[in-house]
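1. Kindly generate the corresponding structure for this input.
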Amino acid sequence: MTKIDTNGVIELSVAKLREWCDPFVDYCWCGLDRPITREEVGEAIKNDNLVPLVNFDFGKDNDDREHHVARIAWFVVHGWEEPLGIDVGVPSMGCCIAWPVIDGNHRWAAAIYRDDHTIRAEASGAVDEIEKLMKNNF
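-> Predicted structure coming up:
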């Protein structure tokens with residue numbers, strides 16, 4: 001049984017979603033020549049290089065590697081309330097998604113860095129694919 005709160009938010013297994021997409025292994029931010037590392041996030045935390053607000057403008061200084069690392073570091077230290085936005089597609093109809101996180105990649109990376117077990121998300125796509133990611137489906 002899928003448990004969805006009154007706002008349409010579900011709780012996903014970080015481990016299961018990480019098998020599909022891991023920002024420390026794969027590319028998820030345009031313009032970066034390699035994935036961000038845990039070491040970079042740790043250094044940003046150590047040096048108090050944290051970016052709390054997103055005033056995103058493609059092509060500006062806030063689209064560089066240091067900015068993305070500092071955003072992840074902010075979420076590691078301060079947490080967040082907003083759920084991720086994910087789209088798992090509808091594989092049975094040929095709609096396959098390579099990277100399901102459509103909103104919240106910095107929060108997603110922070111959850112992995114913190115070794116969280118679950119993360120809240122608003123999910124779209126095939127229900128059976130979403131249920132595979134649910135925290136209770138181990």
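
2. On the pLDDT front, check residue 29 for me.
-> Looking at residue 29, its pLDDT is 89.

3. quick one, what contacts it?
-> Contacts here follow C-beta atoms under 8 Å, 6 or more residues apart in numbering; on that basis residue 29 touches 23, 36, 68, 105. (Each C-beta comes from the backbone N, C-alpha and C, glycine too.)

4. Please identify which helix or strand holds the residue nearest to residue 40 when sequence neighbours are not counted.
-> Residue nearest to residue 40 in three dimensions, not counting chain neighbours: residue 69, with 4.7 Å by C-beta to C-beta, 6 or more residues apart in numbering. Using DSSP states H and E, the element containing residue 69 is helix 65-78.

5. Show the subsequent helix or strand relative to that helix.
-> Going down the chain from helix 65-78, the next helix or strand is strand 84-87, by DSSP H and E.

6. what sits up against that next one?
-> 12, 17, 97, 100-104, 107-108, 119-125, 133.

7. In that strand, which residues are buried?
-> 84, 86-87 (16 or more other C-beta atoms under 10 Å).

8. picking that back up, how about the contacts of residue 29, which pair is most distant?
-> Farthest-apart pair in these is 36 and 105; separation 10.0 Å (C-beta to C-beta).

9. Residues that sit against both of these two, list them.
-> In terms of C-beta under 8 Å, 6+ apart, residue 36 and residue 105 are both contacted by the residues 23, 29.

10. and these two? which has more neighbours close in?
-> residue 36 (23 against 20; other C-beta atoms under 10 Å).

11. any low-confidence regions in the chain?
-> 1-7, 53-63, 135-138 (pLDDT under 70).

12. what's the distance between the most centrally placed residue in the chain and residue 94?
-> Centroid-nearest residue in the chain, with C-alpha atoms, centre = their mean: residue 108, separated by 2.3 Å. When distance is defined by C-beta to C-beta, to the nearest Å, residue 108 is 26 Å away from residue 94.
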